[in-house]
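In: build me a model from this:
(one chain, ligands or ions: 1)
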Amino acid sequence: MMKHAWDNYKRYAWGLNELKPISKQGHSSNLFGNIQGATIVDALDTLYIMEMKEEFKEAKEWVEKNLDFNVNAEISVFEVNIRFVGGLLSAYYLSGEEIFRKKAVELGEKLLPAFNTPTGIPWALLNIKSGIGRNWPWASGGSSILAEFGTLHLEFIHLSHLSGNLLFAEKVMNIRKVLNRLDKPEGLYPNYLNPSSGQWGQHHVSIGGLGDSFYEYLLKAWLMSGKTDEEGRKMYYDAVQAIETHLIRKSSGGLTYIAEWKGGLLEHKMGHLTCFAGGMFALGADGAPNDKTGHHIELGAEIARTCHESYDRTSMKLGPEAFRFDGGVEAIATRQNEKYYILRPEVIETYMYMWRLTHDPKYRQWGWEAVEALEKYCRVDGGYSGIRDVYNNHQSHDDVQQSFFLSETLKYLYLLFSEDDLLPFEHWVFNTEAHPLPVLHKDDGNKEENQK
Ligand code: DMJ
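Out: A predicted model of the protein is given here:
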């Protein structure tokens, strides 16, 4: 599958951000401005792990010769961080090739002006030439987004570690300080925070889009610190406690789901993005306070089952973008604009974590069902495409091969069917785009110290 996705990208869209597999040409997303090569950088570590040596070599050569950040580009700080910085860092740690470290640090430095706000909460969008930032025009009251400014921590800690420049770590530690000073409604974190006033925007809470990876990074910051980052740990388990009390519900058919919270009212909807939380709960089970380890594993298993049901209740056996638990339905999309599947990884990601942590064979079975569906409905001559309506057997392709299909979906599938000692959890933490970063121990020192 990786070979098919890669070869077609190479054939029809080499050097561009993504592939349009039906029209067989490049696809540019405005998330990366005119930084190019998103698929190449996102796929580097997957190629390495899968031992696709020739392909890795040609990808590395492209990075050396063509990856250029001296462009007049307005980019999404979050997307560029998780895909480009994360991809380069993993490629460096896996291969030891200096070029990747150099490019990651160079790009990290370009992102720093995003933090020039009154509170230090970064802008969502940044022109990397002028250093001028702004927020998404649609975001509540000029706010920055929780899942965006909350998903820089792992990469920035590694940038400080590899460059000796402590500014990266200071910037992300300050985000925590701002958050810890604020009152949280019912202990929950709203998705919107104004970077000028330091006040919350609308009180929308979500473990899916706009919130998701903020929670993931609290847990993983603690794990990546060799379990020394007590602040990250506390923030994570306190947040999970509030999520359990206010957002997690069971349907009458017995399916556990995570609802969205809007100013105290629940919307009984769960996004595909939210399905990553099954893996997160299981990954965090080991450190859960008050003997709750078994409970967190069970929660992960229940979310995995619900998300599997969301796949199983479609005709293509691939899950919709969002599914509901109201109006007489359970785990089914009811609105036309929520029926699409864009090659997202979160359900397979949760199967991979659940498999590693329980070895229950059903997770491999469920992963295999997803492989069969991807092959049947998403694979086309020119690569892999998303689907517009997973309930309709007459395929309508969206004509985009997302870069996260190569970095996440295929990597998590590969790990699901590999031995546990390939990227073991004791030594590696995956960023939110599935780029593995090594656990840092106190005595690791930073790059400069190591060189002395
Ligand atoms: C990826 O870019 C990351 O997983 C992110 O955290 C959420 N969205 C996509 C995949 O669905």
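In: mind listing what's buried along stretch 68-88?
Out: 69, 73-88 (16 or more other CB atoms under 10 Å). Where you see a C-beta, it was placed from the backbone N, CA and C, and this is true even at glycine.
In: in helices, which of the residues you listed appear?
Out: Val77, Phe78, Glu79, Gly86, Gly87, Leu88 (DSSP state H).
In: out of the residues you listed, flag the one nearest to the ligand.
Out: Proximity of these to the ligand (CB to the nearest ligand atom) peaks at Glu79, which lies at 7.0 Å.
In: follow-up on the earlier one: so which of the ones in helices among the buried residues of stretch 68-88 comes closest to Ser140?
Out: Phe78 (16.8 Å; CB to CB).
In: list the residues that contact the closest one.
Out: Residues in contact with Phe78, defined by CB atoms under 8 Å, 6 or more residues apart in numbering, are Ala124, Ile145, Ala147, Glu148, Phe149, Thr151, Leu152.
In: secondary structure element for Met270?
Out: strand 269-271 (DSSP states H and E).
In: and what about the residue of the stretch 101-250 of the chain found nearest the ligand, helix, strand or coil?
Out: Taking CB to the nearest ligand atom as the measure, the point where the stretch 101-250 of the chain comes nearest the ligand is Ser213, at 4.5 Å. Of the three states, Ser213 takes helix under DSSP: H, G, I helix; E, B strand; the rest coil.
In: and for it, the neighbour number?
Out: 27 (other CB atoms under 10 Å).
In: write out the residues of this structure neighbouring the ligand.
Out: Ile82, Ser213, Leu273, Arg344, Pro345, Phe404, Glu408, Thr432, Glu433 (CB under 6 Å from any ligand atom).
In: list phi and psi for the residue of the stretch 351-452 of the chain found nearest the ligand.
Out: Per CB to the nearest ligand atom, Thr432 is where the stretch 351-452 of the chain lies closest to the ligand, at 3.7 Å. When read as degrees, to the nearest 10, the backbone of Thr432 gives phi -70, psi -10.
In: point me to the residue of the stretch 251-400 of the chain nearest the ligand.
Out: Arg344 (4.0 Å).
In: surely that residue and Ser407 touch.
Out: No - the criterion here is CB atoms under 8 Å, and Arg344 misses it with Ser407 at 11.9 Å.
In: which of those two has more neighbours?
Out: Higher neighbour count among Arg344 and Ser407: Ser407, with 28 against 23, using other CB under 10 Å.
In: for that one, which non-adjacent residue is closest in space?
Out: Nearest residue to Ser407, sequence neighbours excluded (CB to CB, 6 or more residues apart in numbering): Asp42, at 3.9 Å.
In: can you name the residues in contact with the helix or strand where that neighbour lies?
Out: In this structure, Asp42 sits in helix 38-49 according to DSSP H and E. With CB under 8 Å, 6+ apart as the test, helix 38-49 has contacts from 2, 6, 9, 13, 15-19, 29, 32, 55-56, 59-60, 62-63, 67, 83-84, 87-88, 90-91, 94-95, 100, 401, 403-404, 406-407, 410-411, 414, 422-423, 433, 435-436.
In: mind doing that once more with 6 Å?
Out: Residues outside helix 38-49 that contact it (CB atoms under 6 Å, 6 or more residues apart in numbering): 9, 17-18, 32, 55-56, 59, 62, 83-84, 87, 90-91, 94, 403, 406-407, 411, 435.
In: tell me the backbone dihedrals of Leu343, please.
Out: For Leu343, the backbone dihedrals (degrees, to the nearest 10) come out as phi 70, psi 30.
In: how about Cys275, what does it touch?
Out: Contacts of Cys275 were listed using CB under 6 Å, 6+ apart, and they are Cys307, Glu346, Val347, Thr350.
In: kindly recompute the last result at 8 Å.
Out: Counted by CB under 8 Å, 6+ apart, Cys275 has contacts Ile303, Cys307, Ser310, Gly319, Glu346, Val347, Glu349, Thr350.
In: distance check, the third one against His246.
Out: Just to be clear, that refers to Ser310. Noted for Ser310: a distance of 22 Å to His246, by CB to CB, to the nearest Å.
In: which of the two has more neighbours?
Out: Counted by other CB under 10 Å, Ser310 and His246 do not tie: Ser310 has more neighbours, with 26 against 17.
In: before we move on, what SS does that one have?
Out: Recorded secondary structure, Ser310: helix (three-state DSSP).
In: verify the stated contact: it with Phe323.
Out: Yes - contact criterion CB under 8 Å: Ser310 and Phe323 qualify, at 4.6 Å.
In: which neighbours do these two share?
Out: Counting by CB under 8 Å, 6+ apart, the residues touching both Ser310 and Phe323 are Met270, Ala331, Ile332.
In: out of those residues, which is most surrounded?
Out: Busiest of the shared contacts of Ser310 and Phe323 [other CB under 10 Å] is Met270, holding 29 neighbours.
In: in space, what's closest to that residue - neighbours in sequence excluded?
Out: That would be Tyr257: by CB to CB, 6+ apart, it lies 4.7 Å from Met270.
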